[in-house]
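**Student:** can't give you the sequence, but here's the structure:
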């Protein structure tokens, strides 16, 4: 690969998604923001969408606006289903946090497999996934089987297969690993889990908007995901959950709130879950937050997940090539799958002083993030990151290491997501 | 009581809180909005506060803003604690919906009373409270005792006392009844529950910002509440939860998300709940929503809950007097406690065609809401409702009934909160 800046600029010139950068607020064009996989940028349309909800619908329409708000969680869910997740109408709901949604579906799934007493997760999965599995298992007297995974290469299907048997109720896995970006064969994993008679619950937080997802086609049972990374819904934006249509009537989630009730405003005595995806709702949904999610989801849908994923592979291929060419001599090693087809849209680089390197990069206008134990994670977002941004960021990375600039920073841990 | 419009105008002229109306967006000054107990109005400062979070902190500050956002759930909780709830710093947390927060504290409370197998709630409580109690009891093999309550007069303490014994783990009660506005003696109820060795979990949704709450002084154990009614946080704004300081270390909530983890960004293997109120957090908190809650909470604190409650009693006294004088001849009966000291800031009026009356009022620029089975609920909000608004609304109510205008509306049920 040609490692010159001119070559990166050529890639930008040929990028069919280049114009989408103008759809985002770029307050400082010189800032090299490679953390869209942690917090995506602000779409230009979002402030107006929020103002419409807040100033017109709430401020002027007052309580009467609930006649339109009441359906918003499924309407925005349908936008995500069609444009991002490869799911059918009525299979996706917006609301709650990813963690709460994961809890709801994990308990619902475990209840739907009576007599099975094991939950499976990945030993290297994102903390909230592991903690939630542990908590649900503890409360129900179930066991947890943590499947070992290479923190760089991700899940090995043979290792997963060895953990599956007739005791397993639900398998929780991230579609894209939060640290390495490793992307297993989602269809093959789903088949493996189904062969064991269990349900699979995908965490799509690092996948939605970054890689093509075909939840219907692969036969996915359950999924959750956050909307503030590649979907650009903003800090703490409401999450989404997916339940395969054919499973919905069999499942009940454990938090019996009034928004999950059939004929909610009859305020009847007994809880009777609503038909369809709305039975997985709990409390009053965050209306402004859903409007922000809709803007982000529509942008991803407009760009197209296939094109986004292709650009994501090209961007991360450039990171890998530059890391090999420039950073390896300074002790940096790739900590993600080398094959772009087995990655999401971010990669991690290992360095013994990754925390200090991260601080030095921040001070030079590059925003990566640090991940334990010794990783610098770089997430160029295909909607707005340019190839020259990656080139410039890696150039500064090289300078930091060459100058030993990171040595000046104290060795302590980050406090950002 | 003098029932003239001039007398109502005199009350406004003497109202020490009158100026607070200007702190809200009043798009249509002629609209008689008496549903602030369902969805409070938009504070004038809220759009700017949201723009600051969205456009500056998110749009410009990007992921780096998490260094300030990370503490926001407890900081805004402390504002509520001091200004609204009569609680101490570190006892209140913002996040999730009221229903999810209720679930978390209900399970945590039940776990903290091992060997006790009964949950108590009120048969006439708001649906989400009853459903959640039923769901938690079903999942744990516990029994539910529903305490009968008069739907107009609220809870009778002798009836509650008869339901309490050594089998009861947690008692869930609303501080202000959602339909009648009935307000029991919170301190006396808390003592009764404690005498039985159980924990009390207050739902403050219709109380916070409407009546003085002294959670510390009355020895309250647990509480939750919504922020979109008298706290004016907006549709689906994040809820709050309260856990008495002395109980925090004994309690664990069931949804083990990463925001409840000690030393969260170490991303350690085992879930280890954070010290203090943060152990009741779950997922990434809704940052813009918390900013809106802060604006609303500060307005209530500035006005003062004692003054707000006094005005609320005066406003609802006027409703009652006008209902007695004007509406009783048309078959309307008070469906709330007559003694203002035993009410929150809303009252209900019973009429056999309450649904049709509600529709007729909406068409005449009065916004009440309908509540099953036959109630028109009127919630003048002390921060922005005027005595003349109440007078005008009741005048139109009288006209509707005198003309039989409500007879033209079909008898079907509402679909608004």
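**Tutor:** Received the coordinates, thanks. This one's a predicted model, so the numbers in the text were calculated from it and none came from an experiment.

**Student:** Please go through chain A and pick out the longest strand.
**Tutor:** Across chain A, the longest stretch assigned as strand under DSSP state E is strand A:168-174.

**Student:** So the residue of chain A most remote from its centre, which state does it fall into?
**Tutor:** Centroid-distance maximum for chain A: residue A:269 at 38.2 Å, with Cα atoms, centre = their mean. Look at residue A:269: counting by DSSP: H, G, I helix; E, B strand; the rest coil, its state is coil.

**Student:** host element of the nearest residue to it once chain neighbours are set aside?
**Tutor:** With sequence-adjacent residues excluded and distances taken as Cβ to Cβ, 6 or more residues apart in numbering or on different chains, residue A:269 is closest to residue B:130, at 7.4 Å. Quick note: C-beta positions are derived from backbone N, CA and C, even for glycine. In the assignment (DSSP states H and E), residue B:130 maps to helix B:127-140.

**Student:** burial of residue A:89, as a residue count?
**Tutor:** When neighbours are defined as other Cβ atoms under 10 Å in any protein chain shown, residue A:89 has 13 of them.

**Student:** Just the pLDDT at the closest residue to it other than its chain neighbours, thanks.
**Tutor:** Closest residue to residue A:89 in three dimensions, ignoring its sequence neighbours and counting by Cβ to Cβ, 6+ apart: residue A:78, at 4.9 Å. Note on residue A:78: pLDDT of 98.

**Student:** tell me the phi and psi of the closest residue to residue A:152 other than its chain neighbours?
**Tutor:** Closest residue in space to residue A:152, ignoring its immediate chain neighbours: residue A:335 at 4.6 Å, by Cβ to Cβ, 6+ apart. Dihedral pair for residue A:335: phi -120, psi 40, per degrees, to the nearest 10.

**Student:** before we move on, what about residue A:189?
**Tutor:** Residue torsions, per degrees, to the nearest 10, at residue A:189 are phi -60, psi -40.

**Student:** Give me the neighbour count for it.
**Tutor:** Counted with other Cβ under 10 Å, the neighbours of residue A:189 add up to 21.

**Student:** contacting residues around it?
**Tutor:** Counting by Cβ atoms under 8 Å, 6 or more residues apart in numbering or on different chains, residue A:189 makes contact with A:155, A:157, A:160, A:173, A:200.

**Student:** mind listing what the third one touches?
**Tutor:** It stands for residue A:160. So residue A:160 contacts A:120, A:147, A:171, A:189, A:192 (Cβ under 8 Å, 6+ apart).

**Student:** From the residues you listed, pick the one nearest chain B.
**Tutor:** residue A:147 (14.1 Å; Cβ to the nearest Cβ).

**Student:** tally of neighbours for residue A:121?
**Tutor:** So residue A:121, with other Cβ under 10 Å, has 27 neighbours.

**Student:** Could you do residue A:387 as well?
**Tutor:** Using other Cβ under 10 Å as the criterion, residue A:387 is surrounded by 23 other residues.

**Student:** Please apply the same query to residue A:2.
**Tutor:** Neighbour tally, residue A:2, other Cβ under 10 Å: 10.

**Student:** Confirm it sits in a strand?
**Tutor:** No - using three-state DSSP, the assignment for residue A:2 is coil, not a strand.

**Student:** For the residue of the stretch 1-150 of chain A found nearest chain B, grab the count of nearby residues.
**Tutor:** Going by Cβ to the nearest Cβ, chain B is nearest to residue A:97 of the stretch 1-150 of chain A, at 2.7 Å. Using other Cβ under 10 Å, residue A:97 has 28 neighbouring residues.

**Student:** Then residue A:19?
**Tutor:** Residue A:19 has 9 neighbouring residues, counting by other Cβ under 10 Å.

**Student:** now residue A:250
**Tutor:** 10.

**Student:** contacting residues for residue A:191?
**Tutor:** Residues near residue A:191 by Cβ under 8 Å, 6+ apart: residue A:219.

**Student:** For ChimeraX, write a command that selects the buried ones of the contacts of residue A:189.
**Tutor:** A single ChimeraX command is used to select the members of the contacts of residue A:189 judged buried by 16 or more other Cβ atoms under 10 Å in any protein chain shown:
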select /A:155,160,173,200
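
**Student:** Just the strands from chain A, written as ranges.
**Tutor:** For chain A, strands defined by DSSP E occupy the ranges A:32-33, A:92-94, A:118-122, A:143-147, A:168-174, A:199-203, A:222-225, A:240-243, A:333-334, A:347-350, A:366-367, A:369-371, A:375-378.

**Student:** does any part of the third one sit near chain B?
**Tutor:** No - with Cβ under 8 Å from any Cβ of the partner chain as the measure, strand A:118-122 is seen stopping short of chain B, the closest distance being 11.8 Å.

**Student:** Go ahead and confirm residue A:308 touches residue A:207.
**Tutor:** No - using Cβ atoms under 8 Å, residue A:308 is not in contact with residue A:207, being 11.3 Å away.

**Student:** More neighbours: which of the two?
**Tutor:** Higher neighbour count among residue A:308 and residue A:207: residue A:207, with 28 against 24, using other Cβ under 10 Å.
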